[in-house]
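**Q** A predicted structure for the sequence below; I have some questions about it.
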Amino acid sequence: MATKEGKGGQGRNNAAARRNSGLAVALALMLSAAAATAHAEDALAKIRNSKTITIGYREASFPFSFLDQDKKPVGYAVDLCLKIADAVKQQLKLQQLNIAYVPVSSSNRIDMIASGKVDLECGSTTNNAERRKKVSFTIAHFMASSRMLVRVADNIKNWPDLRDKKVVTTKGTTSVKSLIDRGQVRSLNMTVLEGRDHNESFKMVEDKAADAFVMDDVLLYGLKATAKDPAAYAVVGEPLTTEPYAIMLPKDDAAYKAVVDREMGRIIHDGEIYKLYTKWFLSPIPAKNNLTLNMPMGYLFRESLRFPSDQVGN
């Protein structure tokens, strides 16, 4: 009888342990949900309390985000971010919202968003699955293709011409992986170099330290247009990848993202995106001595604007 009671007691203890374990799991889930809800309010609460929104900009990602002659951040993506900032101001019913500009680079831009040091990253950042593990993206504002900028005199036309050549790309960009993959597939025996930013990467081609600079085509066209002798360079090669550019913002911040997405959707539906595109890609740009890119809107980007979504990129 004693043995039987002992077993019954043990069963009751096990059942109690399972109940306690279940309660612990439920409590953990509740706390996790509460933490997520609190985090979702973090960006808007921080902006409301400080009356300041922090915009991360790039110094040399022309025409998306760059410094003008007065060292002021300007560009296509910066214009979009300023419209989003105004939408945040209206959402929070603030009479005034200050803009704090913080420079970011290819190497630190994701960490700057993930750590909360920057509220919006306004540049030429590709929305892909790997980055979405750390940050969120709003609707894409551009579709680029990875190609290469070369010296015309070298007669490089396509990727097989890079066999045994030195090739540079900018550190922290998606072009690094696509370039290495292409080299492995075709056994081109390329030497891959990395520049700290786009200007340094291009300078390596100018100085003949590299034979080609692989990057998104629109950035290459911009660098070519601002070179001392634009005719000495060409953008060539079949597209390696399609890159959807989008503004970055903190991950798991649903309330803040809803405001950003809603404004990007409005900009597209109201046709303002086309006006901004004309301003930065088809018209003289005063901030660059009236330089004109003359880059018509690509088919893929135009089609993407028919059904705006942040669900792009692999």
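**A** Yes, it's here. Numbering: from 1, shown residues only.

**Q** does the spatially closest residue to Val192 that is not a sequence neighbour have beta-bridge partners, and which?
**A** Spatially, and ignoring its direct neighbours in sequence, Val192 is nearest to Val167 (5.7 Å; CB to CB, 6 or more residues apart in numbering). From N, CA and C alone the C-beta is placed, and that goes for glycine too. Counting by DSSP bridges, Val167 is bridged to Val192, Ala212.

**Q** Begin at 587 from now on, thanks
**A** Okay, residue one is now 587; in that scheme the one you just asked about reads as Val753.

**Q** So Val753 sits against Val800, correct?
**A** Yes. With contact defined as CB atoms under 8 Å, Val753 counts as touching Val800 (5.9 Å).

**Q** what's the overlap in contacts for the two?
**A** Met734, Leu765 (CB atoms under 8 Å, 6 or more residues apart in numbering).

**Q** Between those two, which is the more surrounded one?
**A** A count of neighbours by other CB atoms under 10 Å puts Val800 above the other of Val753 and Val800, at 28 against 25.

**Q** That one: helix or strand, and which one exactly?
**A** Using DSSP states H and E, Val800 maps to strand 798-802.

**Q** Could you list the low-confidence segments of this structure?
**A** 587-627, 770-771, 899 (pLDDT under 70).

**Q** Geometrically speaking, which residue is the centre of it?
**A** With distances taken as CA atoms, centre = their mean, the residue of the chain nearest its centroid is Thr711 (2.3 Å).

**Q** show me the contacts for that one.
**A** With contact set as CB under 8 Å, 6+ apart, Thr711 has these partners: Arg695, Arg717, Phe723, Tyr831, Ala832, Ile833, Met834.

**Q** Tell me how far the first one lies from Lys757.
**A** Spatial separation of Arg695 from Lys757 under the definition CB to CB, to the nearest Å is 11 Å.

**Q** between those two, which one's more packed in?
**A** More crowded of Arg695 and Lys757, by other CB under 10 Å: Arg695, with 23 against 16.

**Q** okay but the more buried one is in contact with Gly709, surely?
**A** Yes. With contact defined as CB under 8 Å, Arg695 and Gly709 form a contacting pair (6.9 Å).

**Q** Need the residues touching each of the two.
**A** In terms of CB under 8 Å, 6+ apart, Arg695 and Gly709 are both contacted by the residues Gly642, Arg644.

**Q** Now do the contacts for Val664.
**A** Residues near Val664 by CB under 8 Å, 6+ apart: Ile641, Tyr643, Phe650, Ser651, Cys708.

**Q** out of these, which are inside strands?
**A** Assignment to strands by DSSP state E places the following of these there: Ile641, Tyr643, Ser651, Cys708.

**Q** between these, which is closest to Pro746?
**A** Pro746 has its nearest neighbour among those in Ser651, at 33.8 Å by CB to CB.

**Q** wouldn't that closest one be in contact with Pro659 here?
**A** Yes. Between Ser651 and Pro659 there is a contact under CB under 8 Å: 6.4 Å.

**Q** Mind checking which of the contacts of Thr711 are buried?
**A** Among these, those classed as buried by 16 or more other CB atoms under 10 Å are Arg695, Arg717, Phe723, Tyr831, Ala832, Ile833, Met834.

**Q** quick check: domain ranges of this protein?
**A** The chain breaks down into these domains under automatic domain parsing: 628-727+832-890, 731-828.

**Q** need the ones you listed in JSON lines with distance to Val898, can you?
**A** Formatted as JSON lines, these follow (distance: least, CB to CB, whole Å):
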{"stretch": "domain 628-727+832-890", "distance to Val898": "5"}
{"stretch": "domain 731-828", "distance to Val898": "9"}
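
**Q** Minimum distance to Gln897: which of those domains has it?
**A** For those, proximity to Gln897 was assessed by CB to CB; domain 628-727+832-890 is nearest, at 9.1 Å.

**Q** related to what we said a few turns ago, using JSON lines, lay out the contacts of Val664 together with neighbour count and distance to Leu765.
**A** Formatted as JSON lines, those follow (neighbours: other CB atoms under 10 Å; distance: CB to CB, whole Å):
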{"residue": "Ile641", "neighbour count": "23", "distance to Leu765": "30"}
{"residue": "Tyr643", "neighbour count": "26", "distance to Leu765": "26"}
{"residue": "Phe650", "neighbour count": "27", "distance to Leu765": "21"}
{"residue": "Ser651", "neighbour count": "28", "distance to Leu765": "23"}
{"residue": "Cys708", "neighbour count": "29", "distance to Leu765": "26"}
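
**Q** Could you work out the most separated pair of these?
**A** Ile641 and Phe650 (12.8 Å).

**Q** Quick check: neighbours shared by the two?
**A** With contacts taken as CB under 8 Å, 6+ apart, the residues that reach both Ile641 and Phe650 are Val664, Cys708.

**Q** hey, where'd the helices end up in this protein?
**A** Counting by DSSP state H, one finds helices in the chain at the ranges 588-626, 628-636, 662-677, 695-700, 761-772, 784-792, 803-811, 840-855, 858-863, 885-890.
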